[in-house]
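Asks: A structural model of the following input is requested.
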Amino acid sequence: MNKIKLLHALSSLSVASIADADKTIRVMSSTIRPVNNGKKILGTARTVSCHNDFLTVIDALNQSKAGDVLVVDSQESTRALVGELFSTEAQRRGLSGIIVDGPVRDVEMLRKLEIPVFAKSYCPCSGTTQKMMETQTEIQCGGIAVAPEEVVFGDEDGIIVASIAQLIDLVPSAIQIQKAEEAIVDKIQEGECLIDMLNFKEHVKFLEEGLESSLSFKI
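Replies: Coordinates of the predicted model:
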């Protein structure tokens with residue numbers, strides 16, 4: 001499976017299904033939330049590190065290509081690093097999304113755009129444009145390391161980051177997990193009890209006896 005096929009496969013999955021396939025996968029802090037809800041963010045990371053100054057963010061946008069996700073380590077910035085004009089240009093260029101571990105602004109207008117934007121906070125005041133800092137280096141965003149060209153995948157549940165190779169290994173399991181859960185939902189909607197489909201009683205009994213056990217479905 002190459003990168004193009006991987007991204008296509010991921011586009012039909014939920015972030016939760018990938019997280020279920022690997023409980024140790026890197027997950028950004030839940031403080032980074034979607035600005036415009038209902039959109040998935042999926043692409044390869046183009047990283048930026050800056051503080052209260054968005055000149056480097058503009059530089060990264062100028063270097064970016066279609067399919068990139070701009071990932072910004074704001075270093076605890078208190079001023080907005082991304083707004084309507086920047087995001088509209090990112091959409092025109094075909095970027096797959098923007099993630100800012102810090103403030104953005106023009107929220108009302110960002111919510112009208114198709115490009116997914118995730119951010120930690122909002123601020124009406126913009127940063128300066130006086131300092132050129134680093135792009136395409138490993139950064140910290142949402143409490144995890146993000147390296148250039150790693151895959152970034154997010155929805156309303158959160159954002160995960162992983163290498164292409166890691167995700168290629170995980171996709172088959174994630175597909176099985178998602179299909180199984182869809183089948184279980186169908187059974188519940190048809191009137192079957194969720195608890196009856198689990199090894200709940202056996203699991204609790206084993207735990208009470210000090211034995212190793214894991215909760216699982218019997219179907």
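
Asks: Summarise which helices and strands the lengthiest helix in the chain is packed against.
Replies: In the chain, ranked by residue count with DSSP state H as the criterion, the top helix is helix 164-189. The elements that helix 164-189 packs onto, with contact taken as 3 or more C-beta pairs under 8 Å, 6 or more residues apart in numbering; DSSP states H and E, are helix 3-11, helix 15-21, strand 151-155. To be clear about C-beta, it is placed using only N, CA and C from the backbone, and glycine gets the same treatment.

Asks: can you rerun that using 6 Å?
Replies: Contacts defined by 3 or more C-beta pairs under 6 Å, 6 or more residues apart in numbering; DSSP states H and E place helix 164-189 against helix 3-11, helix 15-21.

Asks: In a markdown table: these, plus mean neighbour count, distance to residue 37 and mean pLDDT.
Replies: Shown next, in a markdown table, are the helices and strands packed on helix 164-189 (neighbours: other C-beta atoms under 10 Å; distance: least, C-beta to C-beta, whole Å; pLDDT from 0 to 100):
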| stretch | mean neighbour count | distance to residue 37 | mean pLDDT |
| --- | --- | --- | --- |
| helix 3-11 | 14 | 18 | 95 |
| helix 15-21 | 20 | 14 | 98 |
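
Asks: Mind putting these into a markdown table with distance to residue 116?
Replies: Rendered in a markdown table, the data for the helices and strands packed on helix 164-189 read as follows (distance: least, C-beta to C-beta, whole Å):
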| stretch | distance to residue 116 |
| --- | --- |
| helix 3-11 | 13 |
| helix 15-21 | 12 |
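
Asks: So which of those is nearest residue 117?
Replies: helix 15-21 (16.5 Å; C-beta to C-beta).

Asks: Skip ahead from that closest one and say which helix or strand is next.
Replies: Next helix or strand after helix 15-21 toward the C-terminus (DSSP states H and E): strand 26-27.

Asks: So what touches the helix or strand following that next one?
Replies: Counting by DSSP H and E, the next helix or strand C-terminal to strand 26-27 is strand 33-34. If you take C-beta atoms under 6 Å, 6 or more residues apart in numbering as the criterion, strand 33-34 is touched by 118, 156.

Asks: Could you list the buried residues of the longest helix of the chain?
Replies: Within helix 164-189, the residues that count as buried by 16 or more other C-beta atoms under 10 Å are 164, 166, 167, 168, 170, 171, 174, 177, 178, 184.

Asks: Run the angle between it and strand 151-155 for me.
Replies: Relative orientation of helix 164-189 versus strand 151-155 (axes from the mean of the first three to the mean of the last three C-alpha atoms, to 10 degrees): 20 degrees.

Asks: any idea of the mean pLDDT in helix 164-189?
Replies: In this model, helix 164-189 has an average pLDDT of 96.

Asks: and that helix with helix 3-11, angle?
Replies: Orientation check (the same axes, to 10 degrees): helix 164-189 against helix 3-11 gives 30 degrees.
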